[in-house]
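[1] Quick check, what structure comes out for this input:
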Amino acid sequence: MNTTPNSRVRRQAAAGALAALVLAGCGTSVAATDPDGHKASPQALSGICAASTQRNGIVHCTELFAGKKPIRLPGDPSRTQRYGAIKRDGSKFHTRGGDLPLSAAVTKQLEAAAAGRGMADKSRTAYANTIYLAVVSRGTVTRIEPVADIEENAVLRAAFAGRAMEGTIGVRTRQGDYASAATLPVRIEFATSPVRGALTGKITNATRAVRSAKGPCFAPLNRTRANPLVAGFTADIAIQRVASMHAPFNDELVLQWSSGMSNMGAAYYPSIATLLGGDPLGRTWETILHGTPSAGPSVDLRLVSGGGATC
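    The predicted structure follows:
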């Protein structure tokens, strides 16, 4: 066997290189598991929103852009790394190239976090505000790492601030409950600025007739004996996102009444993927009272443009 000093040096160098490769393969960062070796940085993502800070080493968006692209992601770092967000049912990861399935390990990771340690545990719903950098292998997301989060007020502002919804509200029966299937037309207009994760609104035809978006006049609700707005159900409402309300990824948009009671419905829950253009809201936001549905009015709504004048 050749045991010259030069051959021993070459063997030692080769062994060192092999050890470095093994250590790199055992790393836990996205960069270590990405064949292309790229990694996002806060600097690369600083322009994704209209105003931001840094928190916990990632971009924290406090204000989004106006218009149809409130979040403006840069190009994906590589063919195996893609930016995106979790869709509201938790089943898919939305990227600019389309939706990708989650591996069993990633799903388990997210579900464990969503189960959390109770409603006060904010980490349980972190997915609801987070943009991730995902490692993609054979068309499946095998790892995710948070790279930015969106402030709750910014999400609501982008989705609903300054807008209006119209639809129907359940009537109050002679017995004082809301068990009837009958409804009355209703219009709600929302404030321009959310506060502490809630966006206030007002039922504009509570006491006056208002023009609907399609033209017909909505009669004032207080002119009928079936007026649903009594006691704690008033014209002043608010909407709020509640992620994983009853179970992981049971994401609901909640309509809060002044009494403290609330209606809930999932179809209009805006996820971060919604703001990225890949998780559209449903056609109609159908809501019922949380708890005992017949104890309060059902409200079914759609976003509209125009209308609102007195008629």
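
[2] Counting neighbours, which bits of stretch 261-274 end up buried?
    261-274 (16 or more other C-beta atoms under 10 Å). (C-beta placed from N, C-alpha, C; glycine too.)

[3] just checking, which of those belong to strands?
    Ser262, Asn263, Met264, Gly265 (DSSP state E).

[4] The protein: helices as residue ranges?
    5-25, 30-33, 42-45, 104-115, 152-160, 272-275 (DSSP state H).

[5] ok, of those helices, where does mean pLDDT dip lowest?
    Lowest mean pLDDT within these: helix 5-25, a mean of 39.

[6] what sits against the nearest residue to Trp285 once chain neighbours are set aside?
    If you skip the residues right next to it in sequence, Trp285 has Tyr268 as its closest partner in space, 3.7 Å away by C-beta to C-beta, 6 or more residues apart in numbering. Shown in contact with Tyr268 (C-beta atoms under 8 Å, 6 or more residues apart in numbering): Leu253, Leu281, Gly282, Trp285, Leu301.

[7] What of Arg72?
    Here Arg72 is in contact with Gly47, Ile48, Cys49, Phe65 (criterion: C-beta under 8 Å, 6+ apart).

[8] Of those residues, just say which sits nearest to Gly306.
    Closest approach to Gly306 among the contacts of Arg72 (C-beta to C-beta): Phe65, at 23.7 Å.

[9] what's the neighbour count on the closest residue to the closest one other than its chain neighbours?
    Excluding the flanking residues, the one nearest Phe65 by C-beta to C-beta, 6+ apart is Ala50, at 5.0 Å. Ala50 is flanked by 15 other residues according to other C-beta atoms under 10 Å.

[10] what do you get for Arg174?
    Neighbours around Arg174, by other C-beta under 10 Å: 8.

[11] How much space separates it from Leu289?
    19 Å (C-beta to C-beta, to the nearest Å).

[12] Low-confidence ranges, the stretch 201-311 of the chain, go.
    Along the stretch 201-311 of the chain, segments meeting pLDDT under 70 are nowhere present.

[13] Could I get the full set of strands for it?
    Secondary structure of the stretch 201-311 of the chain by DSSP state E, counting those that start in this stretch: the strands cover 210-211, 217-218, 236-242, 252-256, 262-265, 285-289, 299-304.

[14] name the helices or strands packed onto the longest one?
    In other words, strand 236-242. With contacts defined as 3 or more C-beta pairs under 8 Å, 6 or more residues apart in numbering; DSSP states H and E, strand 236-242 has these neighbours: helix 152-160, strand 199-203, strand 252-256.

[15] quick revisit: would you format the strands of the stretch 201-311 of the chain as JSON lines with distance to Leu156 included?
    JSON lines is the format used below for the strands of the stretch 201-311 of the chain (distance: least, C-beta to C-beta, whole Å):
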{"stretch": "strand 210-211", "distance to Leu156": "23"}
{"stretch": "strand 217-218", "distance to Leu156": "25"}
{"stretch": "strand 236-242", "distance to Leu156": "7"}
{"stretch": "strand 252-256", "distance to Leu156": "10"}
{"stretch": "strand 262-265", "distance to Leu156": "15"}
{"stretch": "strand 285-289", "distance to Leu156": "14"}
{"stretch": "strand 299-304", "distance to Leu156": "13"}
